[in-house]
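S.K.: For reference, the sequence and a predicted model appear below.
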Amino acid sequence: MRIPERGRSRDEVMALLERAGASDLPWREGKTFAYVYEGGRDVEDVAKHAYMRYLTENALDPTVYPSLLKFETEIVAMAIAHLRGDKDCVGNFTSGGTESCLLAVKAARDYARKERGIAEPHMVLPVTAHACFQKAAHYFDIGMTLVPINPQTFKVNPYDMEAAIRPETILLVASACQYAHGVIDPIPEIAAIAQRRNLLLHVDGCIGGFLLPYFRRLGAPVTDFDFAVPGVTSISMDFHKYAYAPKGASVVLYRSKALRRHQIFTAATWTGYSVINPTIQSTKSGGPLAATWALLHYLGDEGYLRFAERTLAATRAIADAIRRNPHVRLLAEPESSLIAFTADDFPIFPIVDIMRKRGWFVQPQLGYMGSKANIHLSIDQSTLDLVPQFLPDLEAAIEAARSANLRLPEEMRAMLASLSPETFTPETYRQLMALAGTSDGLPEGTAPINLMLDAMPPEVAGIVMTEFFNDLYVQPREAPAAA
Ligand SMILES: Cc1ncc(COP(=O)(O)O)c(C=O)c1O
């Protein structure tokens, strides 16, 4: 495919964009229980206007865009106050949770290098910590120990964290809350260990950090997790989740500038302009900053509290319905706005496809270390109005999955379980894809592939997923679909 020879009218291009999105996951009615946090039309409108106003401004150089510096420092100040930090706390705006967590790990690595002379750093994290910490370990060449969790509460035991500490450990990680099951790790106890062992502790509040203080104010029991806990040295918190900002909006906060210094990259050792990058991105649109700042002013604390109240009510209603259904069970007692449920008598994944046919998106999660295959729901303020529609559909989907009882044949399960990364070849991949019923693109239903992935050793599932995306992102060879 080549760049189209001639341009088209604005209207034509807009129509093409609309057509391209026709089979995307519809999110606007709030029927999507992952990926999207919906604040409603007015919130979207404010965010879009603010975003477009600052679309082209470049946050690469805050000295020539004082507006962007103002937005960033004020957003960070609000985030610090929200998480009970003091005047010594500092932070930066980033493109998302992953970037915030990557930066916290990079800062910890370079801090430990300088202050403690650690050459081969290592970190300790619960297996429920978001995979972006494994990505950080992978990108920054840091060793890690994944600590198992209590299979009843899905929280890590602080003593297990302590037992995993080594002389070269630089950082402990805990979540408030963790994504998969929505529970909060015992952060005060882990922080006490971090202090006693003179270690840094990053609290991943990417998904819970913004919402949980509101839940606390609404009377829900919320474990202390923020800067009010001595020993917490950095926190990540996303605005593009429960602050309903457009994607590309998060902060990473530090207890002190002394630690944040190690996040910043500068280079005067090349022939171009002076590079001073506090975050991973260099050139970046002012759009996410402006939209986040605008929404904080538009909704205000009062608006967010109202949204949190709606989110809490929706979560409780859905969790209650799952508790009442004898065929499924909650994996953990939800402590935030996230729910994971599973079934013991039939495979759970077909529910995803059945719900999709009814217009809902619920998210499959593979089993791993004490967490069996399950379905995840991220609930937001828009869910509340849909609960009366959602619950009967969910009940019907559970019933249909139960009678379908879609299982992999025993020989196939045994074959999948016997796969190993050492013997995995392109031919193995081709055979697996044929078995899963995929042709060129995405499989019809997602259940067969998820059941298969769940039956493989996780290292092999990782290889399969890599190959799948390596195949998915290929250039169309035909004329443009738009022609
Ligand atoms: C706890 C937690 N940490 C980190 C992330 C990664 O955030 P992002 O997808 O914005 O990179 C997520 C995403 O859901 C999360 O829930």
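M.R.: Cool, got the structure. Numbering: from 1, shown residues only.

S.K.: rest of the way, CA atoms for contacts and neighbours
M.R.: OK.

S.K.: Contact residues of the chain facing the ligand?
M.R.: Contact residues, the chain versus the ligand (CA under 6 Å from any ligand atom): 96-98, 130, 178-179, 204, 206-207.

S.K.: Pipe the residues you listed into CSV and attach pLDDT per row.
M.R.: CSV is the format used below for these (pLDDT from 0 to 100):
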residue, pLDDT
Gly96, 98
Gly97, 98
Thr98, 98
His130, 98
Gln178, 98
Tyr179, 98
Asp204, 98
Cys206, 98
Ile207, 98
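
S.K.: Which ones among the residues you listed lie within helices?
M.R.: Of the residues of the chain next to the ligand, the ones assigned to helices by DSSP state H are 97-98.

S.K.: Pretty sure Pro148 is one of the things Pro126 touches, is it not?
M.R.: Yes: between Pro126 and Pro148 there is a contact at 6.1 Å, judged by CA atoms under 8 Å.

S.K.: shared neighbours of those two, which are they?
M.R.: Residues touching both Pro126 and Pro148 by CA atoms under 8 Å, 6 or more residues apart in numbering: Val156.

S.K.: When the two are compared, which one has more neighbours?
M.R.: Pro126 (24 against 20; other CA atoms under 10 Å).

S.K.: partner residues bridging that one?
M.R.: Note on Pro126: beta-bridge partners by DSSP bridges are Val147.

S.K.: how far away is it from the ligand?
M.R.: 12 Å (CA to the nearest ligand atom, to the nearest Å).

S.K.: same deal with Asp141?
M.R.: 19 Å.

S.K.: what residues are up against that residue?
M.R.: With contacts defined as CA under 8 Å, 6+ apart, Asp141 has no neighbours.

S.K.: tell me the pLDDT at it?
M.R.: Predicted confidence (pLDDT) for Asp141: 97.

S.K.: for it, phi and psi?
M.R.: phi 60, psi 60 (degrees, to the nearest 10).

S.K.: And the pLDDT for Leu25?
M.R.: Per-residue confidence (pLDDT) for Leu25: 89.

S.K.: go on, the one 4 residues further on?
M.R.: According to the predicted model, the pLDDT of Glu29 comes to 81.

S.K.: Now do the same contact list for the nearest residue to it once chain neighbours are set aside.
M.R.: Once flanking residues are discounted, Glu29 sits nearest to Ser382: 8.0 Å by CA to CA, 6 or more residues apart in numbering. By CA under 8 Å, 6+ apart, the residues touching Ser382 are 29-30, 38-40, 310-311.

S.K.: Now render those as CSV, adding neighbour count and secondary structure.
M.R.: Formatted as CSV, these follow (neighbours: other CA atoms under 10 Å; DSSP: H, G, I helix; E, B strand; the rest coil):
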residue, neighbour count, secondary structure
Glu29, 14, coil
Gly30, 23, coil
Glu38, 25, coil
Gly39, 20, coil
Gly40, 14, coil
Arg310, 19, helix
Thr311, 25, helix
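
S.K.: neighbouring contacts of stretch 125-133?
M.R.: 98, 101-102, 105, 144-149, 154, 156, 161, 172-175, 178-180, 204, 369.

S.K.: Okay, strands next: where are they in the stretch 301-450 of the chain?
M.R.: In the stretch 301-450 of the chain, the strands defined using DSSP state E, counting those that start in this stretch lie at 329-330, 338-342, 363-365, 374-378.

S.K.: Looking at those, which is nearest to Ala136?
M.R.: Ala136 sits nearest to strand 363-365 of all those, at 21.4 Å, using CA to CA.

S.K.: average pLDDT for stretch 403-414?
M.R.: Mean pLDDT, stretch 403-414: 93.

S.K.: Can you give me the buried ones in it?
M.R.: 406, 413 (16 or more other CA atoms under 10 Å).

S.K.: can you list the domain ranges for this structure.
M.R.: If you go by automatic domain parsing, the domain ranges for the chain are 50-294, 410-472.

S.K.: least reliable of those domains going by mean pLDDT?
M.R.: Lowest mean pLDDT within the domains of the chain: domain 410-472, at a mean of 89.

S.K.: Strands along the stretch 101-250 of the chain, start to end?
M.R.: 122-126, 143-147, 169-175, 200-205, 234-238, 250-254.

S.K.: most packed of those strands?
M.R.: Mean neighbour count (mean count of other CA atoms under 10 Å) peaks for strand 234-238 among the strands of the stretch 101-250 of the chain, with a mean of 31.

S.K.: gap between Val127 and the ligand?
M.R.: Per CA to the nearest ligand atom, Val127 is found 12 Å from the ligand.

S.K.: my bad, Gly30
M.R.: Distance of Gly30 to the ligand, computed by CA to the nearest ligand atom: 17 Å.

S.K.: was I right about that residue contacting Ile379?
M.R.: No: if you go by CA under 8 Å, Gly30 and Ile379 don't touch, sitting 9.3 Å apart.

S.K.: Can I get the domains of the chain in TSV including distance to Arg6?
M.R.: Listed next are those as TSV, based on distance: least, CA to CA, whole Å:
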stretch	distance to Arg6
domain 50-294	25
domain 410-472	28
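
S.K.: deepest of the ones you listed, which one?
M.R.: Ranked by mean neighbour count under mean count of other CA under 10 Å, the domains of the chain are led by domain 50-294, which reaches a mean of 20.
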